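Undergrad: Sequence below, structure please.
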Amino acid sequence: MRGTMIRWAVVLVLVSIPVMGSENATGPSVAKAEGVVAGHGGESFVPLRELLERTLRDNPRIRDARDRLRAAETLMPQAKSQLLPSVAIEWDNTLSSSRWQGGSSQSDPTSATLSVSQPLFDLETMRDFRRMVPYVKAAAMDLEAVRQKVFLEFLELATALIQEQEVAALSEKNHTLTQAHLDATRIRFEAGELTRTDVSQSLARVYAAKAGWIAAKANVAARQAGLSELVSGTIPEPLELPPIRLELLRNSWAELELLLEKRPDLEAERQRVEVERMNVEARRAGYLPTASLDSTGARTWDPSSGVAGPENDLSVTVKVSWPLYSGGLTGAQIDEAIANRDARQSNLERLRLSAQRELKVALLDHEKFAAEDQANEVRVTAARDALDGVTREHQVGTRTSLDLLDAQNEFFSAETEKVKSRHGVNLARFRILGILGMLSWEALASRSGHE
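TA: Residues are numbered from 1 along each chain as shown. Predicted coordinates:
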């Protein structure tokens, strides 16, 4: 009779413990299926969007690229000024006095001069001005490339943080459950139904679960520190990421290559190739003549000259200059420009091959994580069924405490791997978008399935 009462007490202790997996295994940090993406009728992801916007606005690397773009934009008016007229006005007053034996003289002329100079033909300068257009476009693409990198880094760190938070929540449940089983095992040991070995095994599982929980909390703290450093601020709670689907995964490789060509860093390098090509043409124009128009108008007042009223002078000069020999300077500049152009073209090819490799690896990673996620889904279902069966058999005394601990550990392990593979799929999709240069909040929202 006493043994039956103790067994029922153990059953009540076990029933009072929330079973792992009875709640959504994703925990509070993962977007629920009924959630709505900000911008599509709800506020579920508003803290995340605000945090992301702040990061893309204040990140030092983005500010640096933005300042470089501003500096590049100032080169346009600087280059254009070489083709526009220059106007200058000068005013001077001279007081001179001469003395000699038997006489002296003094003059006090005042003059005002207006000078105007206008380039008429300078093909080298014109081509230098035109190459500023792709130069500025390259700086703009550099800014977008940096934004894409910071965006992807944000998503990687946020995904890692959410994953570790969910693993920590599962580890806490696992520790709570193993502690409850240790308490139940001690009760049955005192009743003489179990041996000291059973207690030792349960105690070992408790310490292992506690160590796993502590390690998981440490991982959360490390991920929080990394994300806080990137965003230069605190992390809101709860932090949620929209799960996304990618229709472009159905595209052929040729179609993906076309999308890849629009990547910001590739476009920036193409613009730099164009800059160097135009630089070659500009240096070749150094062999051609230049022409300019110079005009000067002056008015002079000099009472000592004996001329009534001011003197007016006007001159107009058309100057044509044709370089005949410069010691080989122009030819060397052309050779240098051609070498720079070829180097840029080679670098563009290198970047293109690297981007294609990154995309192939990302697609393979997505395929791997998707397969693992499907396998883990089956594993979780099987582990849950096994745990339910072993729990019932343990309650009637046909299974040992070690059997139950093994079943619980397998279920915990399956749940943990499921969390990792699910976030792995999402992260692989983020990386595919990042490699294609297509990351934006609108892109995430439109692909989240929460329209």
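
Undergrad: Hmm, residue 403 is touching residue 394, no?
TA: Yes - the pair residue 403 and residue 394 qualifies as a contact (Cβ atoms under 8 Å) at a distance of 6.8 Å. For glycine as for every other residue, the C-beta is placed from the backbone atoms N, C-alpha and C.

Undergrad: Need the residues touching each of the two.
TA: In the contact map built from Cβ atoms under 8 Å, 6 or more residues apart in numbering, no residue is linked to both residue 403 and residue 394.

Undergrad: the more surrounded of these two?
TA: In this view residue 403 and residue 394 are compared by other Cβ atoms under 10 Å, and residue 394 has more residues nearby, 22 against 14.

Undergrad: With the flanking residues excluded, which residue is spatially nearest to the more buried one?
TA: Leaving aside its chain neighbours, residue 394 sits nearest to residue 404 (4.6 Å; criterion: Cβ to Cβ, 6 or more residues apart in numbering).

Undergrad: Assign that neighbour to helix, strand or coil.
TA: Assigned with DSSP: H, G, I helix; E, B strand; the rest coil, residue 404 falls in the helix class.

Undergrad: next one: residue 234
TA: In the three-state summary, residue 234 is assigned as coil, counting by three-state DSSP.

Undergrad: Compute the number of surrounding residues for it.
TA: 10.

Undergrad: distance of the nearest residue to residue 400 once chain neighbours are set aside from residue 124?
TA: Take residue 400 and drop its neighbours on the chain: the residue closest to it by Cβ to Cβ, 6+ apart is residue 198, 7.1 Å away. Spatial separation of residue 198 from residue 124 under the definition Cβ to Cβ, to the nearest Å is 91 Å.

Undergrad: One more: residue 271?
TA: Taking Cβ to Cβ as the measure, residue 271 and residue 124 are separated by 21 Å.

Undergrad: Could you double-check that residue 294 lies in contact with residue 317?
TA: Yes - distance between residue 294 and residue 317: 4.5 Å, which falls inside the contact criterion (Cβ under 8 Å).

Undergrad: quick one: which of the two has more around it?
TA: Taking other Cβ under 10 Å, residue 294 and residue 317 do not tie; residue 294 has more neighbours (14 against 10).

Undergrad: for the protein, what spans make up the helices?
TA: Listed in chain order, the helices of the chain (DSSP state H) span residues 2-16, 46-58, 60-81, 123-130, 132-190, 196-231, 253-260, 264-284, 329-395, 401-435, 441-446.

Undergrad: Looking at these, spot the one closest to residue 109.
TA: Taking Cβ to Cβ, helix 60-81 is the member of the helices of the chain nearest to residue 109, at 33.5 Å.

Undergrad: quick one: that closest one to helix 132-190, angle?
TA: Here helix 60-81 runs at an angle of 180 degrees relative to helix 132-190 (axes from the mean of the first three to the mean of the last three Cα atoms, to 10 degrees).

Undergrad: what's helix 60-81 packed up against?
TA: helix 123-130, helix 132-190 (3 or more Cβ pairs under 8 Å, 6 or more residues apart in numbering; DSSP states H and E).

Undergrad: next one: the last one to chain centre, how far?
TA: From the chain centre to the centre of helix 132-190 is a distance of 17 Å (Cα atoms, centre = their mean, to the nearest Å).

Undergrad: repeat for stretch 275-293
TA: Averaged over its C-alpha atoms, stretch 275-293 has a centre that lies 39 Å from its chain's centre (Cα atoms, centre = their mean).

Undergrad: and what of stretch 221-236?
TA: The gap between the average C-alpha position of stretch 221-236 and the chain average comes to 16 Å, counting by Cα atoms, centre = their mean.

Undergrad: Flag every buried residue along it.
TA: Buried residues in stretch 221-236, counting neighbours by 16 or more other Cβ atoms under 10 Å, are found at 223-224, 226-227, 230-231, 235.

Undergrad: same check, this time on stretch 197-210
TA: Neighbour-count burial for stretch 197-210, counted by 16+ other Cβ under 10 Å, picks out 198-199, 201-202, 205-206, 209-210.

Undergrad: likewise stretch 374-394?
TA: Of all the residues in stretch 374-394, those buried under the rule 16+ other Cβ under 10 Å are 376, 379-380, 383-384, 386-387, 390-391, 394.

Undergrad: can you list contacts of it?
TA: The contact list for stretch 374-394 (Cβ under 8 Å, 6+ apart) reads 14, 19, 21, 25, 399-401, 403-404, 407-408, 410-411, 413-415, 417-418, 421-422.

Undergrad: next one: stretch 247-265
TA: By Cβ under 8 Å, 6+ apart, the list of residues contacting stretch 247-265 from outside reads 141-142, 144-145, 148, 266, 351-352, 355-356, 359, 363, 366, 432, 435-438, 447.

Undergrad: Please pick the buried ones from those.
TA: Applying the neighbour count, that is 16+ other Cβ under 10 Å, the buried entries in these are 141-142, 144-145, 148, 266, 351-352, 355, 359, 363, 366, 432, 435-438, 447.

Undergrad: got any ranges where the stretch 201-350 of the chain has weak pLDDT?
TA: Low-confidence segments of the stretch 201-350 of the chain, defined by pLDDT under 70, are located at 305-308.

Undergrad: Okay, the closest residue to residue 232 other than its chain neighbours and residue 139: tell me how far apart.
TA: Closest residue to residue 232 apart from its sequence neighbours, by Cβ to Cβ, 6+ apart: residue 58 at 5.9 Å. Residue 58 sits 20 Å away from residue 139 when distances are taken as Cβ to Cβ.
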